[in-house]
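1. build the 3D model from these lines:
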Amino acid sequence: MPPKPWKTLSSRPIYENPWTHIREDIAEMPNGKTTIYGVIECGHCVGVLPFLDEKHVVMVRQYRYVFSENTRWEMPTGGVKPGEEWIDAARRELREEVGYDASELDPISTYYTSKSIVQEIAHLYIGHKLTQVQSIPDETEFLEVETFKFDQVLQMVIDNEIRDSMTVIAVLHAARKLGM
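-> Prediction:
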């Protein structure tokens, strides 16, 4: 039998900006006791692993403020804007970050990026049949774009050089689909 749900007794906003909303809830647990529960709401995000051909993918590298690093490669990712369809957001992020459009976007995974305090749902795609377009990154994005052999990217995941969950999951799904 599944665990009994908790009941939200109260909720108050703590902080918000265009990308994140933080709230503090008082929740009643199944045993009748209450607890404070902090929730970070980020909404939906998308990622595309873009294949130039059967053996090459396009990756991006940028400074990641939270971890103070600029050495890790990742696939194009980003947030879904209000009212935007997930697949449209994926196409937009692909164009913005690496300067490609994909005539085929195959959905491979939808998952929770964190199961405890972050309310964010990621939608991942593999992009095929790419055509080059002008890239126009967001004003906060300073990007380096590089083409890699997929085997090399898979090895970067295995060696823990690529650590963001969206890229790791997409690469492992792609490897499975390719029979690797």
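
2. which residues in the protein form helices?
-> Counting by DSSP state H, the chain has these helices, from start to end: 86-98, 150-158, 165-177.

3. which one of the ones you listed lies closest to residue 34?
-> Distances from residue 34 to each of the helices of the chain were compared using CB to CB; the minimum, 31.6 Å, belongs to helix 165-177. Bear in mind the C-beta positions are built from the backbone N, C-alpha and C, glycine included.

4. report the buried residues of that closest one.
-> By neighbour count, and taking 16 or more other CB atoms under 10 Å as the criterion, the buried residues in helix 165-177 are 165-175.

5. quick one: that helix to helix 150-158, angle?
-> The directions of helix 165-177 and helix 150-158 differ by 130 degrees, with axes from the mean of the first three to the mean of the last three CA atoms, to 10 degrees as the criterion.

6. can you list contacts of helix 165-177?
-> Helix 165-177 is touched from outside by 45, 47-49, 51, 73-75, 77, 108-109, 111, 113, 122, 124-126, 150, 153-154, 157, 162, with contacts defined as CB atoms under 8 Å, 6 or more residues apart in numbering.

7. let's see it at 10 Å
-> With CB atoms under 10 Å, 6 or more residues apart in numbering as the contact definition, helix 165-177 has outside contacts at 45-49, 51, 57, 59-60, 72-78, 106, 108-109, 111-114, 122-126, 150-151, 153-158, 160, 162, 164, 180.

8. okay, and which of these map to strands?
-> Using DSSP state E, the members of the contacts of helix 165-177 that fall in strands are 45-49, 57, 59-60, 73-74, 77-78, 106, 108-109, 111-112, 122-126.

9. in its sheet, what does the helix or strand bottoming out on mean pLDDT in the chain sit against?
-> Sorting the helices and strands of the chain by mean pLDDT, DSSP states H and E puts strand 143-149 at the bottom, at a mean of 91. Using DSSP bridges, the strands paired with strand 143-149 are strand 56-62 (antiparallel).

10. mean confidence score for stretch 52-61?
-> Averaging pLDDT along stretch 52-61 yields 95.

11. what about the residue nearest to residue 20 when sequence neighbours are not counted, distance to residue 18?
-> Taking CB to CB, 6 or more residues apart in numbering as the measure, residue 20 lies nearest to residue 42, with 5.7 Å between them; neighbours along the chain are not counted. The span separating residue 42 from residue 18 equals 11 Å under the rule CB to CB, to the nearest Å.

12. same question, residue 111
-> Taken as CB to CB, the spacing of residue 111 relative to residue 18 amounts to 23 Å.

13. who has more neighbours out of those two?
-> Shown here are residue 111 and residue 18; by other CB atoms under 10 Å, residue 111 has more neighbours (13 against 8).
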